[in-house]
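In: Here's my sequence, what's the structure:
(one chain, ligands or ions: 1)
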Amino acid sequence: MNCRTTLPSWQALSASSEQLKEQHLKTLFETDSGRFDKFSRQIPGVLFDFSKQLIDDNTFEQLVKLAKETDIAAWREKMFSGEKINITEDRAVLHVALRNREMSPIYVDGVNVTAQVEAELEKIKAFTERVRNGEWTGFTGQAVKDIVAIGVGGSNLGPQMVTEALSAYSDGSLNVHYVSNVDGVQLAQVLDKVNAETTLFVISSKTFTTSETMNNAQSAVSWFLQSAENESAIAKHFVAVSTNLEKTRAFGIADENVFTMWDWVGGRFSLWSAIGLPIALYLGYDAFVEVLEGAFEVDTHFKTAEFEDNIPLLMALLSVWNSSFLGHTSQAILPYDQALHMLPAYLQQGEMESNGKHVTFAGQTVPYTTVPIIWGMTGINGQHAFYQCLHQGNVIVPADFIASVEPQIELGQHHDVLLSNFFAQTEALMAGVNEEQVRADLTAKGKSASEIEQLVAHKIHQGNRPTTSIILDKVDAKAVGRLIALYEHKIFCQGIILNVCSFDQWGVELGKGLASNIESELTQADVSHEHDSSTSGLIAYYKQKRNK
Ligand code: F6P
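Out: As a prediction, the model looks like this:
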């Protein structure tokens, strides 16, 4: 693999970035009235406007060239055809097979995974229908009312984010509660709200070894047995989603109550698999399929659109441009849809767990920033919290603004008020407010000359803050599928352009192992390991206060 910085397009972009750092977006708009038409794209249900990014025609051309020079097309083909591009774990990367609605065969190690996916979807459908129509009953013969979904990371964030995004469409037949934190507060609060006789626990863990999930699952069983008393009742109240049948058996879950997934599904890309079971239970199987269909539409777009029009690829190129060339090391995700309030958290895992890497595929240290820090919250709440920094701070934070044409809930003028903010913020971040405008404004308000002198510097907004606007038709099941798939393919392209393996997470694995060593020191009197003085001091302080 070649070093990206030696590519002609990379070098051209380095030179362009020096020139563009001297440019102002406002000037770019003033000198080109066709900028929006030139730098915006549409696919069914989605408008993608990147005209407020600090690029010009030449940069755009070079970015597209960068995609070509980094062999995106060949890598895309490898992913879709099931090649083992997760080289450090020797696995295929096939979340696209989970929503392959045209059912074309895809082979991994000679096995048609499309057929496996279809069989599992049938199982999800049958189970979901039995639970939702009351045929599946608990140990006292009552139908299920509450789902408690236990899992963490990719086994939690995707399903919970989608559940939250689509809760407006729930028919109210089931409640879903998510438990991810091993802090007992979360589980206790959920268990307080539910009745063991009418609760179904879904334990989601690809490995079925993740300590947080296993502890929560064990505590849930203990709580459940206080009511059920008989262990045979567990079969009616606990199902699992996992690749690890040995562990699910050891836990006491019957094989027929285990929904499978495969090692070619990465945790953070797994909501399309049985990991999405809580979504199907909550909203119905048909809605789950609509999420898959929305994603499949984007998969088709990603596979077939020219690079110049390929939205996820453009998203990736712009991210690389902002972080690796312009030096902006953070990226905000700002949904102007309450339904998408968990999207920033979801994308934190998606982007940072995937591309938070420091070496190339070949193991060489990369000389550029890989992933920016992803953060954000719903735009309106952010406006009253951190937007001050976005407008006038001395760090520049490129931001994705996401809104929809139709609200999920029509309420007076609320949606127009919301969207006014959406449009106004990106306009202000781009244009800013210059000294002349500030002076004119203060003069019009009757301020004296000395008051104006005192205030003017504080009220200047430099603008030139790059944003992308994404407008969905409406946040419904298909739209959510489309949006997530756009970001997934963005992440993929970004990894290839940056030449990093986006599919492993060794840093997270390190953390998993570290805590288990210390756990024995906290739970067993005679165990102690060697640590640095800080860690030993902290452990000793904790144990003393806890009287251990
Ligand atoms: O959060 C890190 C991670 O390794 C994710 O990739 C994964 O989704 C999560 O842990 C949970 O792992 P598991 O599904 O095996 O419990």
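
In: Relative to the ligand, how far out is G158?
Out: Separation of G158 from the ligand (C-beta to the nearest ligand atom, to the nearest Å): 9 Å. Using the backbone N, CA and C atoms, a C-beta is placed for each residue, glycine as well.

In: give the contact list for that residue.
Out: Listed by C-beta atoms under 8 Å, 6 or more residues apart in numbering, the contact set of G158 reads 268, 270-271, 275-276, 346, 484.

In: Now for the most centrally placed residue in the chain: which residues touch it?
Out: The centroid of the chain falls nearest to L347 when counting by C-alpha atoms, centre = their mean (2.5 Å). Going by C-beta under 8 Å, 6+ apart, L347 touches 333, 374, 487.

In: which of those residues tops the neighbour count?
Out: Neighbour counts for the contacts of L347 peak at I333, which has 24 neighbours (criterion: other C-beta atoms under 10 Å).

In: Just the pLDDT for the residue lying closest to it once chain neighbours are set aside.
Out: In this structure, I333 finds its nearest non-sequential neighbour in G376, 3.8 Å apart by C-beta to C-beta, 6 or more residues apart in numbering. If you check G376, the pLDDT there is 98.

In: same check, this time on K548
Out: pLDDT, read off for K548, is 63.

In: And for M1?
Out: pLDDT, M1: 46.

In: and if you look at V395?
Out: Reported pLDDT at V395 in the predicted model: 96.

In: Same check on F36?
Out: For F36, the predicted pLDDT is 98.

In: That one reaches D49, doesn't it?
Out: Yes. In this structure F36 lies within contact range of D49 using C-beta atoms under 8 Å: 6.6 Å.

In: follow-up on the earlier one: count the neighbours of the residue nearest to I333 for me.
Out: As a burial measure, G376 scores 24 neighbours (other C-beta under 10 Å).

In: got it, and W223?
Out: Applying other C-beta under 10 Å, we find 18 residues neighbouring W223.

In: And for A12?
Out: Summarising burial for A12: neighbours were counted as other C-beta under 10 Å, giving 17.

In: ditto for the one 3 residues further on
Out: Counted with other C-beta under 10 Å, the neighbours of A15 add up to 12.

In: distance of it from P8?
Out: Note on A15: its distance to P8, by C-beta to C-beta, to the nearest Å, is 11 Å.

In: Leaving out chain neighbours, which residue sits closest to H24?
Out: Nearest residue to H24, sequence neighbours excluded (C-beta to C-beta, 6+ apart): N464, at 5.1 Å.

In: hang on, that neighbour in a strand?
Out: No. Read with DSSP: H, G, I helix; E, B strand; the rest coil, N464 is coil and lies in no strand.

In: which residues does the closest residue to the ligand within the stretch 301-450 of the chain contact?
Out: Nearest residue of the stretch 301-450 of the chain to the ligand, counting by C-beta to the nearest ligand atom: E353, 6.1 Å away. E353 makes contact with 153, 268, 505, 508 under the criterion C-beta under 8 Å, 6+ apart.

In: now swap in V64 and tell me
Out: 307-308, 317.

In: Secondary structure element holding it?
Out: helix 57-69 (DSSP states H and E).

In: likewise S420?
Out: helix 414-431.

In: quick one on the thing from earlier: only C-alpha atoms, please: export the helix holding V64 in PDB.
Out: Listed next in PDB are the C-alpha coordinates belonging to helix 57-69 (Å, rounded to 0.1, in the frame of the first residue of the first chain):
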ATOM      1  CA  ASP A  57     -13.800  23.700  -8.000                       C
ATOM      2  CA  ASN A  58     -10.200  22.700  -8.000                       C
ATOM      3  CA  THR A  59     -10.400  21.200  -4.500                       C
ATOM      4  CA  PHE A  60     -13.500  19.200  -5.500                       C
ATOM      5  CA  GLU A  61     -11.700  17.800  -8.500                       C
ATOM      6  CA  GLN A  62      -8.700  16.900  -6.500                       C
ATOM      7  CA  LEU A  63     -10.800  15.200  -3.800                       C
ATOM      8  CA  VAL A  64     -12.500  13.100  -6.400                       C
ATOM      9  CA  LYS A  65      -9.100  12.300  -7.800                       C
ATOM     10  CA  LEU A  66      -8.000  11.300  -4.300                       C
ATOM     11  CA  ALA A  67     -10.900   8.800  -4.200                       C
ATOM     12  CA  LYS A  68      -9.700   7.300  -7.500                       C
ATOM     13  CA  GLU A  69      -6.100   7.200  -6.500                       C
END
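
In: which bits of the stretch 401-548 of the chain sit near the ligand?
Out: 505, 508 (C-beta under 6 Å from any ligand atom).

In: no wait, the stretch 101-250 of the chain
Out: Close to the ligand, as judged by C-beta under 6 Å from any ligand atom, the stretch 101-250 of the chain has residues 152-155, 205-207, 210, 213.

In: buried subset of the residues you listed?
Out: 152-155, 205-206, 210, 213 (16 or more other C-beta atoms under 10 Å).

In: just the angle between the stretch of helix or strand A440 belongs to and helix 414-431, please?
Out: Taking DSSP H and E as the definition, one finds A440 inside helix 435-444. Here helix 435-444 runs at an angle of 120 degrees relative to helix 414-431 (axes from the mean of the first three to the mean of the last three C-alpha atoms, to 10 degrees).

In: could you give the mean pLDDT of the helix holding S420?
Out: The pLDDT scores in helix 414-431 average 98.

In: Name the residues of that helix that are buried.
Out: 415, 418-419, 421-422, 425-426, 428-431.

In: And stretch 405-414, by the same measure?
Out: Here stretch 405-414 shows 407-408 as buried, counting by 16+ other C-beta under 10 Å.

In: Show residues contacting it.
Out: For stretch 405-414, contacts defined as C-beta under 8 Å, 6+ apart pick out 168, 337, 339, 415, 418, 471-476.

In: First-to-last residue distance for that stretch?
Out: Criterion C-alpha to C-alpha, to the nearest Å; first-to-last residue distance in stretch 405-414 is 12 Å.

In: Would you check the distance separating it from the middle of the chain?
Out: 25 Å (C-alpha atoms, centre = their mean, to the nearest Å).

In: thinking again about what came up before, counting neighbours, go ahead and name the busier of F36 and D49.
Out: D49 (19 against 13).

In: Per-residue pLDDT of the more buried one, please?
Out: 98.

In: Next: R101.
Out: For R101, the predicted pLDDT is 97.

In: re earlier: in a strand, that's where the residue nearest to the centre of the chain is, yeah?
Out: No. Judged by three-state DSSP, L347 forms no part of a strand; its state is helix.

In: Would you mind measuring from it to I496?
Out: Taking C-beta to C-beta, one finds L347 at 18 Å from I496.

In: What of V395?
Out: 28 Å.

In: Neighbour count: the two, which is higher?
Out: Shown here are V395 and I496; by other C-beta under 10 Å, I496 has more neighbours (24 against 10).

In: what about that one, distance to the ligand?
Out: On the measure of C-beta to the nearest ligand atom, I496 and the ligand end up 20 Å apart.

In: if we can go back for a sec, between the contacts of G158, which is closest to P44?
Out: I484 (15.9 Å; C-beta to C-beta).

In: just checking, that closest one touches L271?
Out: Yes. I484 is within contact range of L271, at 7.4 Å (criterion: C-beta under 8 Å).

In: between the two, who's got more neighbours?
Out: Taking other C-beta under 10 Å, I484 and L271 do not tie; L271 has more neighbours (33 against 25).

In: pLDDT score assigned to that one?
Out: For L271, the predicted pLDDT is 98.

In: Let me see the contact set for it.
Out: 154, 158-159, 161-162, 279, 484.

In: Good, we can wrap up now.
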